[in-house]
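Enquirer: Provided below for reference: sequence and predicted model.
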Amino acid sequence: MRILFINPVGHSNWDGVVEEYLEEAKNDNTQVDVVSLEKGPHHLEYHYYEALIGQELLNTIKAAERNGYDAAIIGCFYDPFLHEAREICQEMVITAPAESSMQIAAVLGNYFSIMVGRKKWIPKMERNVMEYGFGERLSSFRSLDMGVLDFHADEDFTRQRMIEEAKAAVEEDGAESIILGCTVQSGFYKELQDIIDVPVIDVVLASFKHAEYLVDLRNRFGWGTSKVGGYEGPPCREIKDWHLEEQFAMKGLWKE
């Protein structure tokens, strides 16, 4: 089983840490690789930044399928371009942190809270919660008032803020589990879980283990992404006839 974790940002600072983290979590038969994009913003806190990565991210995912990967993970809690990625892949499993962690949280308890960095993130994430069908399970969003690049600048401060907001989510909002709503919050879940005594879901681990699970279902039972309806892929003939490969730097990715 080959799984590619994509940090959808224009730097590789997190790649080694994430790969080491996933090596400890993977099944024995799983090979994991972690990559980032060649260019782009250093975080996706703004919708404009998210829009900028679309072409390279989708090309990277399509290339991964052609290179024999079983799954690709889009490593941002906004789940950017998740539906588009599933549309262009024929057999490869695609997962992302928000959808994966919410599915897990819905099994572990009746209600969950999502811990975000800034209030700026909440509207987009709340739309995803509703789209995925978990609106009735959401207790609250809790903001740490920190940006993506702040989480590991002072880990003691980050840890204290997470403890404060997680306790409030459980005691005041009725949350039965906590989702850490950013991939850069990875590594904090164990200590936090011991302190507040409810499941704390690390979304890097959640999306990765969900990918392993879905690949196993596909391989054993043939349960892959349906290509009838919403995830029907674009016709290769149109892509060729309109010279889209040349225009959008994806030459060789599309074949009949």
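Expert: Yep, it's here. Predicted model, so just to flag it, every value in this text is computed and none were measured.

Enquirer: how about the helices in the protein?
Expert: Counting by DSSP state H, one finds helices in the chain at the ranges 15-25, 47-52, 54-66, 82-88, 97-108, 122-131, 155-171, 189-196, 203-221, 236-241, 244-247.

Enquirer: Can I get these in a markdown table including mean pLDDT, distance to D33 and mean neighbour count?
Expert: For glycine as for every other residue, the C-beta is placed from the backbone atoms N, C-alpha and C. A markdown table is the format used below for the helices of the chain (pLDDT from 0 to 100; distance: least, Cβ to Cβ, whole Å; neighbours: other Cβ atoms under 10 Å):
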| stretch | mean pLDDT | distance to D33 | mean neighbour count |
| --- | --- | --- | --- |
| helix 15-25 | 96 | 7 | 15 |
| helix 47-52 | 97 | 23 | 15 |
| helix 54-66 | 96 | 9 | 19 |
| helix 82-88 | 98 | 17 | 18 |
| helix 97-108 | 97 | 18 | 21 |
| helix 122-131 | 97 | 26 | 15 |
| helix 155-171 | 95 | 27 | 16 |
| helix 189-196 | 93 | 23 | 16 |
| helix 203-221 | 98 | 12 | 20 |
| helix 236-241 | 92 | 26 | 12 |
| helix 244-247 | 90 | 24 | 12 |
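
Enquirer: Report the beta-bridge partners for F112.
Expert: On the basis of DSSP bridges, F112 takes part in beta bridges with L138, S177.

Enquirer: burial count for it?
Expert: Burial measure for F112: 27 neighbouring residues, criterion other Cβ atoms under 10 Å.
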